[in-house]
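Asks: Following is a predicted model, sequence given first.
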Amino acid sequence: MATAFGKTANVRIKGHLWGPLFILKTAFWPSDIENVFSFLKNSIKQIKQLGLNECELNALENILLCRKDLLEDKDEVDVMEYILEKSLNDLIIRTVSERRKFVNILLAIPQLFNPTATVLHNLLFKPIIGLVPIETVIETI
């Protein structure tokens with residue numbers, strides 16, 4: 001999805017959603033990361049229990065990132081609406097025989113915001129980058 005928008009839009013979206021994206025991606029790291037980041041244990045456990053395959057994970061990530069309220073350009077909003085609709089439809093099709101899984105995936109989204117991005121920043125990044133705003137780091141990625 002990142003290539004569909006300009007740099008300003010990408011930085012704005014990722015600046016608002018880096019915390020939930022971090023938690024989502026962390027849940028799929030190959031080790032027992034919840035033992036390292038014990039404060040993420042509940043969030044990671046809930047995401048892992050969804051049993052997402054790569055396509056479902058990609059659809060969930062797109063659904064999470066599709067925040068048209070963060071965009072100013074009408075063309076970008078139109079593209080985002082298309083991506084959101086496509087991602088939701090893809091997830092529906094992939095979980096058609098498992099209706100409960102679709103519901104559980106959507107209900108898990110709020111768990112991605114716990115702990116908050118501020119807590120994540122203070123615990124994981126502030127000791128390394130100090131007072132550098134996380135948006136500055138995101139711009140360089």
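Replies: Looks like it arrived, so ask away. Note that the coordinates shown come from a computational prediction; the quantities given were computed from them, not determined experimentally. Residues are numbered from 1 along each chain as shown.
Asks: which intervals of the chain have sub-threshold pLDDT?
Replies: Applying pLDDT under 70 to the chain picks out residues 1-3, 34, 141.
Asks: what residue lies at the spatial centre of it?
Replies: Leu21 (3.0 Å; Cα atoms, centre = their mean).
Asks: Find the helix or strand that that residue is a member of.
Replies: Using DSSP states H and E, Leu21 sits within helix 7-26.
Asks: Touching that helix from outside, list them.
Replies: Helix 7-26 is touched from outside by 2, 5, 33, 37, 40, 43-44, 47, 57, 60-61, 64-65, 67, 70-73, 76, 109, 111-113, 115-118, 120-121, 134-135, 138-139, 141, with contacts defined as Cβ atoms under 8 Å, 6 or more residues apart in numbering. All C-beta atoms are positioned from the backbone trio N, CA, C, and that covers glycine.
Asks: filter these to the buried ones?
Replies: Neighbour counting by 16 or more other Cβ atoms under 10 Å classes 5, 37, 40, 43-44, 47, 57, 60-61, 64-65, 70-71, 76, 111-112, 115, 117, 120-121, 134 among the contacts of helix 7-26 as buried.
Asks: Just the ones of these in helices?
Replies: Residues of those located in helices (DSSP state H): 43-44, 47, 57, 60-61, 64-65, 76, 117, 120, 134.
Asks: Now for those residues: which two are most distant?
Replies: Ile44 and Glu76 (31.8 Å; Cβ to Cβ).
Asks: circling back: separation between the residue nearest to the centre of the chain and Leu88?
Replies: Here Leu21 is placed at a distance of 18 Å from Leu88 (Cβ to Cβ, to the nearest Å).
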